[in-house]
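Novice: Got a predicted structure here, sequence first:
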Amino acid sequence: MPIAKSNGKTVLVTGINGYIASVLGLHLLSKGYSLRGTSRRAASAESLLKGPYAAYSDRVKIYEVPDMTIDGAFDEAAKGVNGIFHTASPIDLSLTDYSHFITPAILGNEAILESGRKAGPQLSSVVITSSAAAVFDGKKPAPYVFTEADFARSSLEKAEADRKEGVKTNPGMLYGASKVAAERAVWKWRDEHKPNFAISTINPSIVIGPPVYLPSSGSQLNETLKPLFDIFSGATKTIGPPIGSGGFVDVRDVAFLHTWAFETPTKADGERFCACQGFAPLQAAADILRREYKGTSIGEKIPVGEPGVGYQGYDSETGRIVGLDYPEGKLRVSGEKATRVTGLQYIDFERSVLDTAKVLEALF
């Protein structure tokens, strides 16, 4: 594939060595953009620079931002850019304290927006990576379909109550609370400052799909790819329940939506876009992988679990899944707005699982 020529525009992607950010960065480079990326340590981006980004080395620059919560953290990296994609967010599921999880997420969003104000008049758009966790509220009575009009409240309320009482909060609850609080801070900032650039959020469900580079071992994969790898590699003998809302989206579709929001600022400004193709239980992933790798040494290690249990669409005779869907009466997140407004055609779960598996084979 020929290397795209520079289109003369420069964009900034924070947390460039993250899973979504690294895929987004390569997508932007392939469209001709010059790329600035931030990382806590510049050295951590070496795998990208020597790997998937190597062909674009003249259009990539890495900025070290050790602490994204301080004033001016992104000023140098943002100066003169045409677009900003803020994907960086603290995710450490070992943390149980409000001040170590939620506060940094809020301050990080505020810091990138303030840097955007100083970036120059050429800046047209800031796209914030939020999460379906800021939309989906497990306390809502089922059945219910969540949309961009919804904000999850129970997780943040619980975290705030725990903070007042001086008790620890479940890390998963803290993660959801951090996404709600951080996104609310974005919209509050926009209302107060009325910037001359567009602001939008992309709210992905659980993200899988082929990464553009791999760590040295499967144990170092991110929080959404590792459960899939553990099933694929046979590292786990049991299949866990659906993660979060149970919804999923392919990372390539997430990259598309971020790029569309930047390139279409007048339509995206002030909007949230839930990125969710549909239901994606781990049992369905195991069923897909076991059928694809049947008769191989890899297939022998994939746990069986309870084929077809917990979702609709499984054909027990063929082992195929046709029309994968949530069980009736369940809470779910709708990704319909993204398809209607942007024209996106989501990559389905089976293709996403198999494309991801093909890349993960290198870790065996």
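Specialist: It's in.
Novice: From here on, just use CA atoms for contacts and neighbour counts.
Specialist: Will do.
Novice: Which helix or strand contains residue 112?
Specialist: Element membership of residue 112, judged by DSSP states H and E, is helix 98-118.
Novice: what's the distance between that helix and the middle of its chain?
Specialist: 18 Å (C-alpha atoms, centre = their mean, to the nearest Å).
Novice: and it, which residues are buried?
Specialist: 98, 101-118 (16 or more other C-alpha atoms under 10 Å).
Novice: And for stretch 140-152?
Specialist: Neighbour-count burial for stretch 140-152, with 16+ other C-alpha under 10 Å as criterion, is recorded at 146-148, 151-152.
Novice: would you list the residues you listed in JSON lines and tack on distance to residue 216 and secondary structure?
Specialist: Shown next, in JSON lines, are these (distance: C-alpha to C-alpha, whole Å; DSSP: H, G, I helix; E, B strand; the rest coil):
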{"residue": "146", "distance to residue 216": "38", "secondary structure": "strand"}
{"residue": "147", "distance to residue 216": "38", "secondary structure": "coil"}
{"residue": "148", "distance to residue 216": "37", "secondary structure": "coil"}
{"residue": "151", "distance to residue 216": "38", "secondary structure": "coil"}
{"residue": "152", "distance to residue 216": "36", "secondary structure": "coil"}
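Novice: Closest one to residue 26 out of those residues, please.
Specialist: Closest approach between the buried residues of stretch 140-152 and residue 26, by C-alpha to C-alpha: residue 148, at 27.6 Å.
Novice: What ranges does the stretch 51-200 of the chain have for its helices?
Specialist: With DSSP state H, counting those that start in this stretch, the ranges of helices along the stretch 51-200 of the chain come out as 75-78, 98-118, 154-165, 171-193.
Novice: Let's have these in a markdown table, adding mean pLDDT and distance to residue 298.
Specialist: Shown next, in a markdown table, are the helices of the stretch 51-200 of the chain (pLDDT from 0 to 100; distance: least, C-alpha to C-alpha, whole Å):
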| stretch | mean pLDDT | distance to residue 298 |
| --- | --- | --- |
| helix 75-78 | 98 | 44 |
| helix 98-118 | 92 | 38 |
| helix 154-165 | 91 | 39 |
| helix 171-193 | 94 | 31 |
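Novice: how about the ones you listed in CSV, adding distance to residue 281?
Specialist: Converted to CSV, the helices of the stretch 51-200 of the chain look like this (distance: least, C-alpha to C-alpha, whole Å):
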stretch, distance to residue 281
helix 75-78, 39
helix 98-118, 27
helix 154-165, 22
helix 171-193, 18
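Novice: do you know which of the ones you listed lies nearest residue 212?
Specialist: Within those, the stretch nearest residue 212 is helix 75-78; the backing value is 23.0 Å (C-alpha to C-alpha).
Novice: Show me what the closest one is packed against.
Specialist: For helix 75-78, the packing partners by 3 or more C-alpha pairs under 8 Å, 6 or more residues apart in numbering; DSSP states H and E come out as strand 34-39, helix 98-118.
Novice: For the residue sitting furthest away from the middle of the chain, give me its contacts.
Specialist: Largest separation from the mean C-alpha position in the chain: residue 317, at 35.1 Å (C-alpha atoms, centre = their mean). By C-alpha atoms under 8 Å, 6 or more residues apart in numbering, no residues touch residue 317.
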